[in-house]
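In: Sequence plus the predicted model coming up.
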Amino acid sequence: MKTTGVVRKIDDLGRIVIPKEIRRTLKIREGESLEIFVEDETITLRKYSSMEDLEEVSQKLTEVISSNTQKNIYVTDRDSFIAGSGTLKKKFLSQPLSTYLESILRDCEPALSDGMKRIELIAGVEGEYSYAITPVLSQGASIGLVVILSKEKQVTEEDLVLTNVVAQFLTKYVEE
């Protein structure tokens, strides 16, 4: 475990403040949940992602969709690609989201490319893709994305509908 050298006092309500630089580095946003772990004398805080609970079901879902449609389909949480199937799977899984994908998360709006576009989907890595992207919403906030990508042919409105169906399924799964 890495030490930060930061010491904070607990207030009378039992609260501590996590320094802004640490929140920025770990992409902890206002209103996000932290999971608390205790082992012996150690308290560990970890960003909580309801999408982590969905990794297994998302992986199975993307595999079924990909095997039936031959499409590259991926699911993200707020920070990285958590599930996926298709020819680009190894390239994307566990990779951090680009600022473009983070903006789609923030704006809670789907995106459909109008042809092949040079775009950064993984932080720091550009590629040329056609894509359909739909946010996964829970209680009005984006908790992840469903992404269909193609390096060869145009992604269509039907693909955007498919990402929307998958996003709605994942929303219902999280909320139940």
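Out: On my side now, so go ahead. Everything numeric here is computed off the predicted structure, so don't read it as measured data.
In: and the strand ranked longest in the chain, average pLDDT?
Out: Criterion DSSP state E: the longest strand present in the chain is strand 125-138. For strand 125-138, the per-residue pLDDT values average out at 94.
In: tilt between the helix or strand just after it and strand 125-138?
Out: Per DSSP states H and E, the first helix or strand lying C-terminal to strand 125-138 is strand 141-150. Strand 141-150 and strand 125-138 are oriented at 140 degrees to each other (axes from the mean of the first three to the mean of the last three C-alpha atoms, to 10 degrees).
In: How about the longest strand of the chain, which residues are buried there?
Out: Buried residues in strand 125-138, counted by 16 or more other C-beta atoms under 10 Å: Tyr129, Ser130, Tyr131, Ala132, Ile133, Thr134, Pro135, Val136, Leu137, Ser138. Just so you know, the C-beta spots here come from the backbone N, C-alpha and C atoms, and that holds for glycine as well.
In: ok, Asp12 - how many residues close by?
Out: Here the count is done by other C-beta atoms under 10 Å, and Asp12 has 5 residues near it.
In: Now do the SS call for it.
Out: Under DSSP: H, G, I helix; E, B strand; the rest coil, Asp12 falls in the coil class.
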